[in-house]
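**Q** Provide a 3D model corresponding to the input given below.
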Amino acid sequence: MTDPSTPRVAVYVDFDNIVISRYDQVHGRSQWQRDEARSHAPGRGSEVGQRLLDAQVDVGAVLDYASSYGQVVIARAYADWSLPANAAYRQQLVNRAVDLTQLFPVTSGMKNGADIRLSVDVVEDLFRLPDLTHVVVVAGDSDYIALAQRARRLGRQVIGIGVAGSTSRALMAACDEFADYDELLVKQADDEVDDEPEPEPAAPTTGRRGAAAEPEPSEAAEAPAADAAQEERIRQRAGTRLLMRAARLVHDKHPDDAWLSFSEVKSQMIRLDPAFSERSLGYSSFSDFVASRPSVVEVEKTKGSGQARVRLRPNH
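**A** All right, here's what the predicted structure looks like:
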């Protein structure tokens, strides 16, 4: 059952805006229009396709950041999903349970009216769902200033996310908080650290003339066990990265105190990955799971209450 005290977050992404802004940030002002990039699919088969890959947007980083404010109950992305440049993102968005709102161009200039449709949906949701506490708008267009102001007047906290160099300063001022997309990527990259090195692959056994020899019966029996062990290492590393990501997001909300409560960290981990369970990783309690990662976190028990707290080690 959902805790009624948990903040509830709605995320709205002007997808064209953020993809075009990122492309122009990486490749130069107005390069999206000059390359006619919307008609190309990301890939190494063409120069524009490679440029799209180099400027790819990580929607997961945006949603992870939004979840640090509370439970994400609405996530919508607005674009013309029939265009090759946008269609390449559909599976990534569907995998993160983002609703894809289809917008067809309404003028010859490819204007799709995303700002109007997004704004109408936000205002409707605010009146329809009075328990929404946070509105996250992923865009940099000054057209969203009035929306941010209205949401704040209705008592909601407004968080903006945009690409550096392509975001209206007036929109930044209209939000309660504003995050730079590039900073989200840096934080996510910092969390891609394993708590143990990858094992080196075993050299293949060779027979006469350098050909790979047929495995002995005992070797064939050991192969499934080796595969299972490798799969388990992958699962454990994924758990470590999730712990680090959650701890970093929670710490960003309490920058003056590096020590975090177990309950805050676990709640954030579940918001990032609802399938997380310490028991599925072989631990009887969350404290055992945390204690098993001494290379990336340290634990202390507070005096008096005896409640344990956790923090990332300085090198992480």
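
**Q** CA atoms for contacts and neighbours, from now on please.
**A** Noted.

**Q** buried residues in the longest strand anywhere in the chain?
**A** Longest among the strand segments of the chain by residue count, using DSSP state E, is strand 71-79. Across strand 71-79, burial judged by 16 or more other Cα atoms under 10 Å covers Gln71, Val72, Ile74, Ala75, Arg76, Ala77, Tyr78, Ala79.

**Q** Just send those residues back as CSV, with distance to Asp252 too.
**A** What follows is those, written out as CSV (distance: Cα to Cα, whole Å):
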residue, distance to Asp252
Gln71, 17
Val72, 18
Ile74, 23
Ala75, 22
Arg76, 25
Ala77, 26
Tyr78, 28
Ala79, 31
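
**Q** could you pull out the helices for this protein?
**A** 15-27, 31-35, 47-54, 59-67, 84-87, 90-95, 114-128, 145-153, 169-174, 181-190, 217-253, 262-272, 286-291 (DSSP state H).

**Q** quick one: which of these is nearest Val138?
**A** Set against Val138 and scored by Cα to Cα, those come closest in helix 15-27, at 7.2 Å.

**Q** what residues does the closest one touch?
**A** By Cα atoms under 8 Å, 6 or more residues apart in numbering, the residues outside helix 15-27 that reach it are 30-32, 51-52, 54-57, 77-79, 86, 138-141, 162-166.

**Q** Let's see that with 7 Å instead.
**A** Around helix 15-27, the neighbours that count as contacts under Cα atoms under 7 Å, 6 or more residues apart in numbering are 30-32, 52, 55, 57, 77-79, 139, 162-163, 166.

**Q** now do stretch 68-85
**A** Under Cα under 7 Å, 6+ apart, the answer for stretch 68-85 is 6-16, 37-42, 87, 98-104, 114, 249-250, 268, 271.

**Q** Could you rerun that using 8 Å?
**A** Under the contact criterion Cα under 8 Å, 6+ apart, stretch 68-85 has outside partners 6-16, 37-42, 52, 66, 86-87, 90, 97-105, 112, 114, 118, 134, 249-250, 253, 268, 271.

**Q** Tell me how far it lies from the chain's centre.
**A** Taking the mean of its C-alpha atoms, stretch 68-85 sits 12 Å from the chain's own mean (Cα atoms, centre = their mean, to the nearest Å).

**Q** Averaged pLDDT, it. What do you get?
**A** Averaging pLDDT along stretch 68-85 gives 94.
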